[in-house]
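Student: Here is a sequence with its predicted model. Questions after.
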Amino acid sequence: MIKQICLNIPVADLPRSMAFFKALGFAENPQVTGDDGAMIVISDAIAVMLTTYSKFREFTPKAVCDTSKAVEVLFNLNCESRQEVDSLVASALSAGGSTYDKPEDLGFMYSHSFVDLDGHGWGVFHISNPPPNQ
């Protein structure tokens, strides 16, 4: 059984990106942090490995996506409340991130998004009445 997902994302300035994610309230795992990468703990089940471009290139023979011109993936985080959605976006903006949309309220789901310092898109949402487990 898979217990955790760890996303690897390339970053231009590792200390700056670490500070950005810490400003969102996420912790660093010092056991998996070094000169070319840092693990940011989003939750017990989700971690993000921020890696320098040179280290990231060691993991793949393909070119790294230029996030100023293209999107390879969008990350989405399910929050516990609407307030947490708003707080994460506000923290991201205060830490130098950006957004390209406005909050959306569909009644059963509230969402917004931010873009981190390296152009990676993060959707944050809260589902107020999830369906019962079947």
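Tutor: Received it, and whenever you're ready, just let me know what you need.
Student: show me where this structure has helices.
Tutor: Taking DSSP state H, the helices of the chain run over residues 14-23, 53-57, 82-94.
Student: Burial check on residue 32, number of neighbours?
Tutor: With neighbours defined by other C-beta atoms under 10 Å, the count for residue 32 comes to 14. C-betas here are computed from N, CA, C, even on glycine.
Student: Apart from its chain neighbours, what residue comes closest to it?
Tutor: For residue 32, ignoring the flanking residues on the chain, the nearest one in space by C-beta to C-beta, 6 or more residues apart in numbering is residue 39 at 3.8 Å.
Student: tell me the pLDDT at that neighbour?
Tutor: Looking at residue 39, its pLDDT stands at 98.
Student: beta partners of it?
Tutor: residue 29, residue 49 (DSSP bridges).
Student: before we move on, what about residue 78?
Tutor: Assessed by DSSP bridges, residue 78 has beta-bridge partners residue 125.
Student: hmm, back to that, redo the helices of the chain as CSV? Include distance to residue 108 and mean neighbour count.
Tutor: As requested, those are exported to CSV (distance: least, C-beta to C-beta, whole Å; neighbours: other C-beta atoms under 10 Å):
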stretch, distance to residue 108, mean neighbour count
helix 14-23, 29, 17
helix 53-57, 37, 14
helix 82-94, 12, 17
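Student: So for residue 116, which of these sits nearest?
Tutor: Of all the helices of the chain, helix 14-23 sits nearest to residue 116, with 6.1 Å by C-beta to C-beta.
Student: For stretch 73-93, C-alpha coordinates in CSV please.
Tutor: Extracted in CSV, the C-alpha atoms of stretch 73-93 (Å, rounded to 0.1, in the frame of the first residue of the first chain):
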residue,chain,number,x,y,z
VAL,A,73,1.0,19.8,-14.3
LEU,A,74,-1.2,21.5,-11.8
PHE,A,75,-1.1,20.5,-8.1
ASN,A,76,-4.3,20.5,-6.1
LEU,A,77,-4.7,20.5,-2.3
ASN,A,78,-7.9,19.6,-0.5
CYS,A,79,-8.2,22.0,2.5
GLU,A,80,-10.2,21.6,5.7
SER,A,81,-12.1,24.9,5.3
ARG,A,82,-12.8,27.9,3.0
GLN,A,83,-10.7,29.9,5.5
GLU,A,84,-7.7,27.6,4.9
VAL,A,85,-8.1,28.1,1.1
ASP,A,86,-8.2,31.9,1.5
SER,A,87,-5.3,31.8,4.0
LEU,A,88,-3.0,29.7,1.7
VAL,A,89,-3.6,32.0,-1.3
ALA,A,90,-3.1,35.1,0.9
SER,A,91,0.1,33.7,2.3
ALA,A,92,1.4,32.7,-1.2
LEU,A,93,0.7,36.2,-2.5
